Each structure stands twice: as structure tokens, then as C-alpha cells.
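J.: From the sequence below, what's the structure:
(chains A and B)
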Amino acid sequence: MFDKSKLGHSFAPFTIEVERCKIHELTLAIGDDNPIYHSRKAAEEADYKDVPLFPTAPTIFNFWGNTQLGSQLQSVGIELMRVLHGEEEYEYLAPIYPGDTLTGITTIAEGRSRQGRDGSSMDILTTETRYTNQHNRPVLNARTTIVVRG
Amino acid sequence: MTTNAQNTQVPAKLYFEDVQIGDEIPKLVKEPMTHLRLVRYAGASGDFNPLHTDPKIGEMIGTGGIIAHGMLIMGFVGQLLSDYVGPLALRKFGVRFKGMTRLDDVITCTGTVTEKYEVDGEARIAGKVQAVDQNGDVKVAGTFVAALSRRG
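T.: Predicted coordinates for the structure are as follows:
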């Protein structure tokens, strides 16, 4: 059961450098063969400053950037094997390019428990991660809602 | 200049004036889901939850084999939007995960423009998007906001 006293709690900040190769790898895995994601040269030829951020690339920041994510969730009483992903939302505030260094701070924004029809209870938890770049400029907000089966 | 969102060689340059409410985004049909794609996506994203990569775990927790990362299906929808407006045009993109995707499922992504408006000096469109499988079961449903250039 998720510890409700942790609502509004922020975890320790993490930093991640945005890498061209990781964006390339993600789009290969997704199967997007748009060359702007695959080489700097192709991106420049298409009038981008560098390889642009693929729309769901912030997931890389979340998992590879915040290596403490699992233990952070466990520290507020969440069992990882029972977690299902409910919702994901990105708000893109400014362009993010390879070479940028981002700092993310994750806060537990919302949390509630719900009774299932079969009497079991589940926790529904929303985290918000706010990212700033090396110039201290807000560049991205990511909201993740997870459902933890009881 | 006409838009050609199908062409992935260059970013789609979609002008505000060329979009009408009700316009459909050119649909994207993906290859059948494979175990290899899930392993590859796990490495790329950093999400190594065995639920998505280890068939034995899938049997054990009752999902009936491995299921795809929801974020991979959101990624397919991301490709749809990247082809349509280009990655830097997006201001907001959010989805709700509505169903599990299994091996061999064929995912089709579609979307519709629902709004045109101006805010903060930007010409914006908003729309809804979804991903369904070969039976029409919805896997992911969501919304997006994009800022577009004006002609001239």
C-alpha cells in the first residue's frame, strides 16, 4: 500500500546528458526510419540544428537518467512487479538537443486508492518530473500515472 | 507547397492554413509485434521489466505470455505525430494505456485534428490519436497539441 504521507514528496534530482546515439537507438527500436533521428548530417540537411528529440524520448531520461527510480518507488511502498502504466503525458517547453544536460526532479503529484469490483484495492499514483537544461531553463514536464494492483 | 506527411525523408512541413478541423492524420500501420522488438525496445528505453521480455514471468503473473511496453505503443503514435507535424512542433502529447499488446498484434495508429486556435502568438492545432490492434481493440488513446507555421 502506498504511503499517503508521501504526497507532494520530491525525490533527489538526477541529471542526464542527451545523446544522439540513444535517440537513434530508440527510433530504431520503434521502427521509425526517418533519417533526421539517425544522423546529425541528415538532421542538418532537413534544417534541424542536430538530431531532434523523438516525441517519446523522455522515457530514456526516466529510465536511464534516473537509475534510482525503482528504489524511489519502493521507498514509498510500491511493489514494482505489480505496477501497470496507466497514463503518460509530455509537455514540451523548449527544444532539447544532443549535448544538453538535463536535471530532473520527480514529485509525487497525486495518489489515491480505489476499491476494485472484486473487493481488491489498487493504488493510482501520478508522478511529475520537471526537467531543466544546463541554462536552468525549463524544457520538459513529464507526468506518469501508474496503477499498482493490490 | 503541398504537404506530404507520408514522406519520411524530410520533416513534414504542415502549415496552419492547410489544416482543417476534422482532418485525419495519415494512418501508420506497424509490422506485427515480435519478441525481438520488445528486447530491443527494452535496451533502448532502459525499461527492463521482465513482464516485457521474459515469457516465464508473463505466465507466472497471469498476463498470458509477454506483453509489449505501453511506451512502445506510445512510440508508434509518436512516429505518427512526428511524420505529421515534425518533432519540434509538438507542445503536448499524452496518452492513456487501455489494453495490453501481445506478440503478433498488428498496431495501426490514427488521429484527427479537433481544434485550431492561437495562444502566446502561436498558431496551434490540437487533436486526438489512438492505436488499435487487428481486431480494433484500443491499446492507447490520447491527445496532442502542436504549434504550426503560418504561410508567408
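
J.: what separates the worst-scoring helix or strand of chain A on mean pLDDT from the chain centre, distance-wise?
T.: Lowest on mean pLDDT, DSSP states H and E among the helices and strands of chain A sits helix A:69-75, with a mean of 83. The chain centre lies 14 Å from the centre of helix A:69-75; the measure is C-alpha atoms, centre = their mean, to the nearest Å.

J.: Following element in sequence after that helix, please.
T.: strand A:83-92 (DSSP states H and E).

J.: just the CA coordinates of that next one, formatted as PDB?
T.: Provided in PDB are the C-alpha atoms of strand A:83-92 (Å, rounded to 0.1, in the frame of the first residue of the first chain):
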ATOM      1  CA  VAL A  83       2.800  -1.800 -11.500                       C
ATOM      2  CA  LEU A  84       0.900  -1.100 -14.700                       C
ATOM      3  CA  HIS A  85       1.400   2.000 -16.700                       C
ATOM      4  CA  GLY A  86      -1.800   4.000 -16.800                       C
ATOM      5  CA  GLU A  87      -1.000   7.300 -18.500                       C
ATOM      6  CA  GLU A  88       1.900   9.300 -19.800                       C
ATOM      7  CA  GLU A  89       2.000  12.900 -20.800                       C
ATOM      8  CA  TYR A  90       4.700  15.200 -22.000                       C
ATOM      9  CA  GLU A  91       4.700  19.000 -22.200                       C
ATOM     10  CA  TYR A  92       7.500  20.200 -24.400                       C
END
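
J.: what number of residues lie near B:E24?
T.: By other C-beta atoms under 10 Å in any protein chain shown, the residues close to B:E24 number 10. C-beta: built from backbone N, CA, C; applies to glycine.

J.: thinking again about what came up before, hmm, the least confident helix or strand of chain A touching chain B?
T.: No. Counting by C-beta under 8 Å from any C-beta of the partner chain, chain B is not contacted by helix A:69-75; separation bottoms out at 9.2 Å.

J.: Sketch out the helices for the chain, chain order is fine.
T.: Picking chain A for this. Under the criterion DSSP state H, chain A contains helices at A:20-30, A:40-45, A:58-60, A:69-75.

J.: To clarify, I was referring to chain B.
T.: B:35-45, B:55-60, B:70-85.

J.: hey, which of those helices is tucked in deepest?
T.: helix B:70-85 (a mean of 27; mean count of other C-beta atoms under 10 Å in any protein chain shown).

J.: Around chain A, which positions in chain B sit nearby?
T.: So far as C-beta under 8 Å from any C-beta goes, chain B lies against chain A at B:8-11, B:30-31, B:37, B:40-41, B:43-47, B:49, B:51, B:61, B:70-72, B:74-76, B:78-79, B:81-83, B:86-88, B:90-97, B:142.

J.: In contact with the spatially most central residue of chain A, which residues?
T.: Taking C-alpha atoms, centre = their mean, the centroid of chain A lies closest to A:N62, which sits 3.8 Å from it. When contacts are counted by C-beta atoms under 8 Å, 6 or more residues apart in numbering or on different chains, A:N62 touches A:69, A:104, A:129, A:142, A:144, B:46.

J.: got a list of what the most centrally placed residue in chain B touches?
T.: What sits nearest the mean C-alpha location of chain B, by C-alpha atoms, centre = their mean, is B:V77, with 0.4 Å. B:V77 sits next to B:95, B:109, B:111, B:129-131, B:140, B:142 when contact means C-beta under 8 Å, 6+ apart.
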